[in-house]
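*Asks:* Structural data only, the sequence is not supplied:
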């Protein structure tokens, strides 16, 4: 995942990485919009074998990982935490109650 953050491959280009468990073929796919991310499109990569897709923001932050398994798709999505006034107050109250 760290390597993907720095790779600037063009759409359609690929690279092979040698890892401890074997080799991984990485292919750069066209940018795809993410639901709930506004107008931002995510850089998308396909990892083989396995068929996992990884989506990164323009600044290289991991946004989504989708991995097919024998039980169905496993999706992991990361969203920035909404820090509203109520959430910040609740967090402060929890800290005070621990003291």
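*Replies:* Noted; the coordinates are in hand. Since the structure is predicted, the reported quantities are computational estimates derived from the model, not experimental observations.
*Asks:* So which elements touch the longest strand anywhere in the chain?
*Replies:* Criterion DSSP state E: the longest strand present in the chain is strand 22-33. In this structure, strand 22-33 packs against strand 14-19, strand 41-48, with contacts taken as 3 or more C-beta pairs under 8 Å, 6 or more residues apart in numbering; DSSP states H and E. Just so you know, the C-beta spots here come from the backbone N, C-alpha and C atoms, and that holds for glycine as well.
*Asks:* Quick check: residue 51 vs residue 73, distance?
*Replies:* Shown here: residue 51 relative to residue 73, a distance of 10 Å by C-beta to C-beta, to the nearest Å.
*Asks:* Overlap of the contact sets of these two?
*Replies:* Taking C-beta atoms under 8 Å, 6 or more residues apart in numbering as the contact rule, residue 51 and residue 73 both touch residue 67.
*Asks:* Can you report phi and psi for residue 4?
*Replies:* phi -60, psi -30 (degrees, to the nearest 10).
*Asks:* Provide a list of residue ranges in the chain with pLDDT below threshold.
*Replies:* 35-39, 79-99 (pLDDT under 70).
*Asks:* residues touching the closest residue to residue 26 other than its chain neighbours, list them.
*Replies:* Residue nearest to residue 26 in three dimensions, not counting chain neighbours: residue 15, with 5.0 Å by C-beta to C-beta, 6 or more residues apart in numbering. Neighbour list for residue 15: 7, 9, 25-26 [criterion: C-beta under 8 Å, 6+ apart].
*Asks:* residues of stretch 16-35 that come out buried?
*Replies:* 24, 26-28, 34 (16 or more other C-beta atoms under 10 Å).
*Asks:* Tabulate these in JSON lines, adding columns for distance to residue 59.
*Replies:* Formatted as JSON lines, those follow (distance: C-beta to C-beta, whole Å):
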{"residue": "24", "distance to residue 59": "23"}
{"residue": "26", "distance to residue 59": "19"}
{"residue": "27", "distance to residue 59": "22"}
{"residue": "28", "distance to residue 59": "17"}
{"residue": "34", "distance to residue 59": "14"}
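*Asks:* Got phi/psi on the closest residue to residue 60 other than its chain neighbours?
*Replies:* Excluding the flanking residues, the one nearest residue 60 by C-beta to C-beta, 6+ apart is residue 5, at 3.8 Å. With angles defined as degrees, to the nearest 10, residue 5 sits at phi -60, psi -30.
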